[in-house]
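Asker: Curious how this folds, go ahead:
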Amino acid sequence: MRVLVTRSTTWCAWRIQPRLTAVLVCAGLFATLHASGAAHAQAPLSLPEALRLAEAHSPQLASAEYAATAARERGIASSQLPDPVLRLGLDNVPVTGPDAYSLTTDFMTMRRIGVMQEFTDSEKRDLRRQRGNVEADRELAKRDAARATLRQEVALAWLDQYFAQRTAELWRVLVQEIRLQTTSLEAGLATGRANASELRAAQAVLVQSEDQIAASEQQARIGTTMLARWLGADARRNAGPLPDMSSVGYNAEETAELIGHPQLALLRQDTLLAETDLKLASRSKVPDWSVEVAYQQRGPAYSNMVSIGVSIPLPLFPNERQDRGIAASQAQLAQVETLFQDTLQQHQTELRVSFEEWRSLQRRAQSLQNTLLPLAADRVQQTLASYAGGTASLAQVLEARRAAVDARMQVLLLERDAARAWAKVNFQFGEPTNHAQASGDRP
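Answerer: Okay, here's the model as predicted:
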């Protein structure tokens with residue numbers, strides 16, 4: 001960009017005459033470039049962009065990837081055979097008599113070096129690797145659940161910021177009109193064409209409206225602060241435009257769609273983990289065995305020896321050890337399955353409530369948009385006409401304008417609540433999908 005500006009400046013100074021024209025044209029060029037850069041820097045922050053930035057900046061999502069990698073690596077390591085054991089020793093060393101502490105004179109004294117290897121059941125090792133993979137998938141399911149929570153919180157904060165800014169803009173329009181009227185009343189008061197009571201009424205409405213602006217700006221700053229947690233400096237950009245909220249991506253009556261809920265997906269991984277632990281507990285009745293090979297060196301007058309041994313654990317009390325471990329794993333599996341059903345019903349109820357809330361609020365907002373707002377606008381026009389004809393007071397005009405703003409505020413609050421309900425439905429699953437819409441999905 002700097003090279004382009006430099007060339008343009010040189011071209012202007014060389015080709016355009018007189019110099020004053022060149023200066024004006026180049027200054028215009030610089031002003032245009034500066035304005036373009038400022039406009040780009042202050043570009044509105046859309047909801048999809050806010051979600052994308054939040055996911056990109058989230059350390060929680062990044063940490064889940066590392067946790068999944070760690071779990072998978074641990075599973076691979078645990079599925080390997082144990083390391084061989086080097087064994088060194090001295091056997092049958094005399095400690096009394098003429099041969100005390102001699103390593104070569106007694107025929108039973110031996111210096112021993114050997115290697116022992118434990119052989120774990122191959123199915124156990126496969127199950128351990130499988131358990132590591134399930135743990136890795138569980139960490140990824142936790143990441144998806146965290147992403148869903150993140151997207152929902154970001155969407156709600158973005159909507160709060162958006163509607164707070166809209167509310168402030170609505171009150172600013174009224175304040176501008178009242179300020180003009182106040183200025184006219186002050187001038188009329190000096191000439192005797194207006195009275196002090198009308199001026200005081202306008203000033204009171206002006207103060208109340210400015211306080212409403214301050215309250216709305218406060219809510220916008222709160223929304224910006226919340227967004228800054230996830231977006232950093234981008235949170236200071238104005239929110240907009242509002243996405244299409246005429247439909248939701250899920251049917252509240254379809255239980256099969258709820259299976260894709262991140263919390264339920266996490267519980268499914270817990271179920272798989274409990275099933276794998278049960279299989280491992282069942283294999284605990286199959287003992288692991290080990291083999292040892294040792295070379296034994298005796299004195300020079302005697303021959304050396306080689307020993308081979310096998311060690312096999314004896315599960316003599318399975319009722320008190322292995323069977324209890326199996327029973328514990330079975331109970332854990334039953335617990336996870338029961339929790340899955342309870343969580344499924346909970347999320348189904350929450351989704352239905354949010355869905356009904358979104359549909360009802362949208363209908364109410366649309367109804368007031370079509371009925372209340374035109375009535376309020378007509379009242380303002382009629383009051384202004386009566387005021388111009390001398391049959392209505394300025395207080396009545398101000399009251400009509402304030403009522404029109406209140407009506408618009410009522411619609412705006414319904415739209416905000418409907419948008420929040422829409423976000424709770426759509427972002428409860430993390431990433432909205434284009435599911436088939438049921439006939440009752442649209443208001």
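
Asker: which stretch of helix or strand covers Leu278?
Answerer: helix 262-283 (DSSP states H and E).

Asker: Any regions of the protein where pLDDT drops low?
Answerer: Residue ranges of the chain with pLDDT under 70: 1-42, 193-194, 249-259, 429-443.

Asker: Name the single longest helix found in it.
Answerer: Scanning the chain for the helix with the most residues, using DSSP state H, yields helix 122-191.

Asker: need the next SSE after that one, C-terminal direction.
Answerer: For helix 122-191, the following helix or strand on the C-terminal side (DSSP H and E) is helix 196-231.

Asker: thought Leu170 was touching Gln410?
Answerer: No: Leu170 is beyond contact range of Gln410, at 11.3 Å (criterion: CB atoms under 8 Å). Using the backbone N, CA and C atoms, a C-beta is placed for each residue, glycine as well.

Asker: How about Glu337, nearest residue that isn't a chain neighbour?
Answerer: Spatial nearest neighbour of Glu337, excluding adjacent residues (CB to CB, 6 or more residues apart in numbering): Thr271 at 6.2 Å.

Asker: What is the neighbour count of Gly240?
Answerer: For Gly240, the neighbour count with other CB atoms under 10 Å is 16.

Asker: what's the answer for Asn370, then?
Answerer: 9.

Asker: now swap in Gln382 and tell me
Answerer: 12.

Asker: quick one: it is in a helix?
Answerer: Yes: judged by DSSP: H, G, I helix; E, B strand; the rest coil, Gln382 forms part of a helix.

Asker: How much space separates it from Gln181?
Answerer: Gln382 sits 17 Å away from Gln181, going by CB to CB, to the nearest Å.

Asker: got it, and Ile326?
Answerer: In terms of CB to CB, Ile326 sits 84 Å off from Gln181.

Asker: List the contacts of the residue nearest the centre of the chain.
Answerer: Centroid-nearest residue in the chain, with CA atoms, centre = their mean: Leu150, separated by 1.7 Å. By CB atoms under 8 Å, 6 or more residues apart in numbering, the contact list for Leu150 reads 54-55, 58, 60-61, 230.

Asker: Phi first, then psi, for Leu86.
Answerer: phi -80, psi 130 (degrees, to the nearest 10).

Asker: And for the residue nearest to it when sequence neighbours are not counted, the neighbour number?
Answerer: Leaving aside its sequence neighbours, Leu86 sits nearest to Val115 (CB to CB, 6+ apart; 6.1 Å). Using other CB under 10 Å, Val115 has 13 neighbouring residues.

Asker: can you pull the contacts of Val115?
Answerer: When contacts are counted by CB under 8 Å, 6+ apart, Val115 touches 84-87, 292-294.

Asker: Among these, which one is most surrounded by other residues?
Answerer: Ala294 (19 neighbours).

Asker: Indicate each strand paired with the host helix or strand of that residue and its parallel or antiparallel sense.
Answerer: Secondary structure assignment for Ala294, by DSSP H and E: strand 289-297. Partners of strand 289-297 in the sheet, by DSSP bridges, are strand 110-119 (antiparallel), strand 305-311 (antiparallel).

Asker: Quick one: these as TSV, columns for distance to Thr96 too.
Answerer: Output for these, formatted as TSV (distance: least, CB to CB, whole Å):
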stretch	distance to Thr96
strand 110-119	18
strand 305-311	24
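
Asker: Would you point to the one among these that's packed deepest?
Answerer: Comparing those by mean neighbour count (mean count of other CB atoms under 10 Å), strand 110-119 comes out on top with a mean of 16.

Asker: Distance from the chain centre to that one, please.
Answerer: The chain centre lies 55 Å from the centre of strand 110-119; the measure is CA atoms, centre = their mean, to the nearest Å.

Asker: go on, stretch 356-374?
Answerer: Relative to its parent chain, stretch 356-374 has a centroid offset of 30 Å by CA atoms, centre = their mean.

Asker: For it, list the C-alpha coordinates in CSV.
Answerer: Listed next in CSV are the C-alpha coordinates belonging to stretch 356-374 (Å, rounded to 0.1, in the frame of the first residue of the first chain):
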residue,chain,number,x,y,z
GLU,A,356,-41.4,-23.0,22.2
GLU,A,357,-40.0,-19.8,23.6
TRP,A,358,-38.4,-18.9,20.3
ARG,A,359,-41.5,-19.6,18.3
SER,A,360,-43.8,-17.7,20.7
LEU,A,361,-41.6,-14.7,21.0
GLN,A,362,-41.2,-14.5,17.2
ARG,A,363,-45.0,-14.6,16.8
ARG,A,364,-45.5,-11.9,19.4
ALA,A,365,-42.8,-9.6,17.9
GLN,A,366,-44.3,-10.0,14.5
SER,A,367,-47.8,-9.3,15.8
LEU,A,368,-46.8,-6.1,17.5
GLN,A,369,-44.7,-5.1,14.4
ASN,A,370,-47.9,-5.3,12.3
THR,A,371,-50.4,-3.8,14.7
LEU,A,372,-48.9,-1.8,17.6
LEU,A,373,-46.2,0.1,15.6
PRO,A,374,-48.6,1.4,12.9
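
Asker: elements contacting the host helix or strand of Leu361?
Answerer: Using DSSP H and E, Leu361 maps to helix 322-388. Under the contact criterion of 3 or more CB pairs under 8 Å, 6 or more residues apart in numbering; DSSP states H and E, helix 322-388 touches helix 255-258, helix 262-283, helix 394-426.

Asker: Now render these as TSV, adding distance to Arg72 and mean neighbour count.
Answerer: Below are the helices and strands packed on helix 322-388 laid out as TSV (distance: least, CB to CB, whole Å; neighbours: other CB atoms under 10 Å):
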stretch	distance to Arg72	mean neighbour count
helix 255-258	28	14
helix 262-283	13	19
helix 394-426	32	20
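
Asker: Figure out which of the ones you listed is closest to Ala155.
Answerer: When the helices and strands packed on helix 322-388 are compared by CB to CB, helix 394-426 sits nearest Ala155, at 4.1 Å.

Asker: so which of the strands paired with strand 289-297 comes closest to Gly390?
Answerer: When the strands paired with strand 289-297 are compared by CB to CB, strand 110-119 sits nearest Gly390, at 106.2 Å.

Asker: Restricting to C-alpha, output the closest one in CSV.
Answerer: Only the C-alpha atoms of strand 110-119 are listed here, as CSV (Å, rounded to 0.1, in the frame of the first residue of the first chain):
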residue,chain,number,x,y,z
MET,A,110,27.3,-69.7,41.6
ARG,A,111,27.4,-66.2,40.1
ARG,A,112,24.2,-65.8,38.2
ILE,A,113,23.1,-63.5,35.3
GLY,A,114,19.7,-63.9,33.7
VAL,A,115,16.8,-62.2,31.9
MET,A,116,13.1,-62.4,32.8
GLN,A,117,10.3,-61.5,30.4
GLU,A,118,6.7,-61.2,31.4
PHE,A,119,4.1,-62.1,28.7
